[in-house]
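Asks: Can you look at this prediction? I've put the sequence above it.
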Amino acid sequence: MAARGGFSNRLGFIAAAAGSAVGLGNIWKFPYEVGENGGAAFLVIYLACAFLICLPIMLAETAIGRNTRLNPYGAFKKLGGRKWGMVGLMGVLSGVMILSFYNVVAGWAFGYFLQIGFGGMLSEGLNYDAHFGSFVSDIWDNLFYSIGFMVLTALIVAGGVQKGIERWTKILMPLLVIMIVGLICYGLTLEGASDGLAFYLVPDFNEINANTFYTALAQAFFSLSLGMGALITYGSYVGKNDSIVGAAALITIADISIAFLAGLMIFPLVFSQPGIETNAGPGLVFVALPGIFESMGSVGPFIGAIFFLLLCFAALTSTVSLLEVPVAYVTDQFKFHRKKTVYGVATVIFLIGLPTMLSQGASDFFTNFTFYGGKNIDFFTLIENVFSDLSLPLGGFFIAVFAAWKWRGKGFQKELYFGNPQLEGSITEKIILFMVRYISPLVVGTIFVISVLKIFFN
Ligand code: PFF
């Protein structure tokens, strides 16, 4: 067991888990979801989901991991038997599948960083919409960038929990924050910035519908890296003297703060350009922003390169956590050598990502992969719907139910007391238990049913 490694202290865990949480979800997905779902009103619902529903589940995940010192499958099996092990296995599978597409998008960010910073992309007078379309359908470019990103990820994970993951997140996260704050300051000096802020910060509750709740909850799970055992895995490396209650609160606050800052960074930039739509969807970052960077003149390539570099840093601390989940599974369960496992698993996941890479125009088969309720769905969207939007809330539901109802002998509470003895009998403990027992499973269960209906019967 000693060979499993662990974080050096509580801060190491917080940094790594916040690094996992802060990623493309915050900087690429969150702003365009805010843009598509009525601005600040979405933000309010999102905050409620994160604190009331997800934070309790985060505690449950971390507690399960620290108690068992095992990967998600091993942890559930140890505490709940073979059947519950399936929940862990589903988590490992989700991790594999999420990394398979996440790495492709991270590759896009990597490619844009190189092309803007060193390839003169902004000086070519491009139509960025068309450019993005041809970029994502160029399989050779994509192969190059996504192999590069997976190799970086594997190198960090191969370094181990403390010397690889913890050390690199502690370097990359502060750089990320500095770059975001720098770009916010710059964006606020631009004309139109106040319109961007108003759009982002003044809620319009007329825009809210059932779909808003579903989107906000799925986004909260994804953004907090919750529901698939990433935090069981990271939790398994946390020391017994470290309080996980405060740590989970800090991780949630860090994740939300960065998403919030990403909005502050992006909307003033977006509104500084006439004619840019806030509901540009997934292309917001890759289509709208390059045009904006170009209009900045000579500083444009510099600002643009910094933006995409920070996106890469954010993605990298998340891809390492995604890779660590199946790596921990294989090394724990089959006692394989860690480094070899890292490179083997990374290769397999990369290969699984190939259809996703081909699904953005390169291959007609994967681009028009299937058809639901009058809509053509590409392979990427299918995998994202199944293994992120559906699987994470479902996993979160089981994690909450397990910790609150199934874990024998008050196992969950006792695990929370380690490093936090004053919790016993306190009001905070009562609130946590109430949330994990009732609120999280009920709300997540309801929204899960809605999302199944939505995806299959749209
Ligand atoms: N939280 C990451 C993001 O917001 O980009 C995505 C993610 C990482 C999801 C790790 C799940 C996970 F286990």
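Replies: Happy to help now that I have it.
Asks: contacting residues for the nearest residue to residue 300 once chain neighbours are set aside?
Replies: Closest residue to residue 300 apart from its sequence neighbours, by C-beta to C-beta, 6 or more residues apart in numbering: residue 293 at 4.2 Å. The way it works is simple: take the backbone N, C-alpha and C, and place the C-beta from them, glycine included. Residue 293 makes contacts with 116, 122, 300, 301, 303, 304, 307, as judged by C-beta atoms under 8 Å, 6 or more residues apart in numbering.
Asks: Next one: residue 198 from residue 190, what distance?
Replies: Plainly put, residue 198 is 14 Å away from residue 190 if you go by C-beta to C-beta, to the nearest Å.
Asks: meant to ask about residue 363, not that
Replies: Residue 363 is 40 Å from residue 190, by C-beta to C-beta.
Asks: so which of the contacts of residue 293 comes closest to the ligand?
Replies: In terms of C-beta to the nearest ligand atom, no member of the contacts of residue 293 lies closer to the ligand than residue 307, at 16.1 Å.
Asks: and that closest one, how far is that from residue 296?
Replies: Applying C-beta to C-beta to residue 307 and residue 296 gives a distance of 11 Å.
Asks: Residue 211 now?
Replies: Note on residue 211: its distance to residue 296, by C-beta to C-beta, is 35 Å.
Asks: more neighbours, residue 198 and residue 190?
Replies: residue 190 (17 against 13; other C-beta atoms under 10 Å).
Asks: quick revisit: looking at the contacts of residue 293, which are in strands?
Replies: Per DSSP state E, strands hold no members of these.
Asks: now, which of those sits nearest residue 28?
Replies: Proximity of these to residue 28, judged by C-beta to C-beta, is greatest for residue 307, which lies at 11.0 Å.
Asks: Share the number of residues neighbouring the closest one, please.
Replies: Residues within reach of residue 307, counting by other C-beta under 10 Å, total 27.
Asks: Enumerate every residue touching it.
Replies: Residue 307 makes contact with 179, 183, 289, 293, according to C-beta under 8 Å, 6+ apart.
Asks: Filter the residues you listed down to the buried ones.
Replies: By neighbour count, with 16 or more other C-beta atoms under 10 Å, those hold 179, 183, 289, 293 as buried.
Asks: Dump those residues into CSV; add distance to the ligand and pLDDT as well.
Replies: Shown next, in CSV, are these (distance: C-beta to the nearest ligand atom, whole Å; pLDDT from 0 to 100):
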residue, distance to the ligand, pLDDT
179, 16, 88
183, 18, 90
289, 18, 86
293, 22, 89
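Asks: quick one on the thing from earlier: which one of the contacts of residue 293 sits closest to residue 242?
Replies: The closest of those to residue 242 turns out to be residue 307 (C-beta to C-beta; 34.7 Å).
Asks: Point out the residues in the stretch 151-300 of the chain that sit beside the ligand.
Replies: Within the stretch 151-300 of the chain, the residues that sit near the ligand (C-beta under 6 Å from any ligand atom) are 222, 223, 225, 228, 230.
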